[in-house]
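Asks: Quick one: sequence and predicted model below, then my questions.
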Amino acid sequence: MNRRLFCASLAVLGLPLCPLWAGQSTVPVWGTWRNTIDGRYMAGLLQVNPGSGAVLVDEGHQLPLPGRAHGLAKGSDGSLWIAARRPGDWLIRWQPASGATQRLWFEPDVALNGHVCCAPQRHAIALTATNHETGEGSIKWYDEHTLDSQPAWPTHGIEPHAMLLLPSLPAVSTRPVLVVANGGLLQKPETGRARVPGSVVDSSLCAFDLETGSLLRRWALQDRHLSLRHLAFNTTTCELGVALQAHSDDMAVNHYSPLLAVVAQGKLSLVQGTAGFQGYAGDITACASGFAVAATQASRLLVVNGGQLTRVVDAPQVCALAQPAGQLLAGVQQADSLSLELDNHWVSVQG
């Protein structure tokens, strides 16, 4: 395998290594990035060295992208799905083994919101999207092989962002559930990613029956300036973690806003110990008996266990998180990391 070393590094928490990685010098993850030397946006296989913190790009498994990406998902057939950053107009299905790609382009009246989810039970993939004319959010479904369009679902909210497919959700359903975070930011084509000035954040979390699309439960926080963005499920505690971003017009309120909410036994509540980190969580993953949250703007990695903040790690511009086989990895951007800008999310190759 031909690898080229880029000047990027990782913060790696000292969690026990799973025997799967014993004796291996690197851990593979799928990711996206921008090469600052030539300006290209790329997706591909990153080999992470937990010992040295180096990131190696596998030149035999990388793909140029038409623009900046955001969310990734692994298909059951080994494919990698790559969604454009919001407001996006493309989706790519990439077969790394063969290099084959399929692409979907979307009309200007629809904006993709950066995330894709694979649902093998339905032989389909789901995208979160916003209708620019109505502002309504939807889950767009497509056949995972032909990319033929299937009936869309309303998300019962605006600006849907991340999704998470679960085999069940305690106190909600014993059947497969698709959970969607409605970010709640009113946006227009002329405002791009920015919230329409003066608009209210109307964020919510919705759980849908995967088979019927029926709305099973809808949650909302009392703090109306908080946007629910990204999701992770802890299989040990059976809790759903939600990474938050604050969008108050008062910067001081944003700074002291919590970064994590948790759904436990059907109830959504804030983890107040995660406040004070500039109100912006870029990614989340489950770990131990809780969650790790990337406080990107504060350059800190937060570890929460049992509902309490148990560890804070310095992590410059921490972005993507992954937990392959029990090894917590957090991508950071060092001051001298000039050739590679990591994006917000990774997907573990295994585990």
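Replies: Yes, it's here.
Asks: Which elements pack onto the strand or helix carrying Arg218?
Replies: Using DSSP states H and E, Arg218 maps to strand 215-219. Under the contact definition 3 or more C-beta pairs under 8 Å, 6 or more residues apart in numbering; DSSP states H and E, strand 215-219 sits against strand 204-209. To be clear about C-beta, it is placed using only N, CA and C from the backbone, and glycine gets the same treatment.
Asks: residues contacting Ala84?
Replies: 66-70, 90-91, 112, 114 (C-beta atoms under 8 Å, 6 or more residues apart in numbering).
Asks: Now list the buried members of these.
Replies: Buried by 16 or more other C-beta atoms under 10 Å: 68-70, 90-91, 112, 114, out of the contacts of Ala84.
Asks: how close does Val201 sit to Ser257?
Replies: The gap separating Val201 from Ser257 is 11 Å, by C-beta to C-beta, to the nearest Å.
Asks: Thr276 - nearest residue in space that isn't next to it in sequence?
Replies: Just so we're on the same page, residue 276 is Gly rather than Thr. Spatial nearest neighbour of Gly276, excluding adjacent residues (C-beta to C-beta, 6 or more residues apart in numbering): Tyr256 at 5.6 Å.
Asks: From what I see, that neighbour and Ala275 are in contact.
Replies: Yes - counting by C-beta atoms under 8 Å, Tyr256 sits close enough to Ala275 to count as a contact (5.2 Å).
Asks: quick one: buried residues of the strand holding Arg218?
Replies: Applying 16+ other C-beta under 10 Å to strand 215-219 flags 216-217, 219 as buried.
Asks: strands paired with that strand, and their directions?
Replies: Strands that pair with strand 215-219, judged by DSSP bridges, come out as strand 204-209 (antiparallel).
Asks: If we ignore the residues flanking it in sequence, what's nearest Ser168?
Replies: Thr174 (4.9 Å).
Asks: That neighbour reaches Leu166, doesn't it?
Replies: No - proximity of Thr174 to Leu166 does not meet the contact threshold set by C-beta under 8 Å, at 10.9 Å.
Asks: Of those two, which one has the most company?
Replies: Leu166 (20 against 9; other C-beta atoms under 10 Å).
Asks: does that one have beta-bridge partners, and which?
Replies: Using DSSP bridges, the bridge partners assigned to Leu166 are Val177.
Asks: Now for it: which residues touch it?
Replies: 176-179, 233, 240.
Asks: low-confidence ranges in the stretch 251-351 of the chain?
Replies: For the stretch 251-351 of the chain, applying pLDDT under 70 flags the ranges 334-338, 351.
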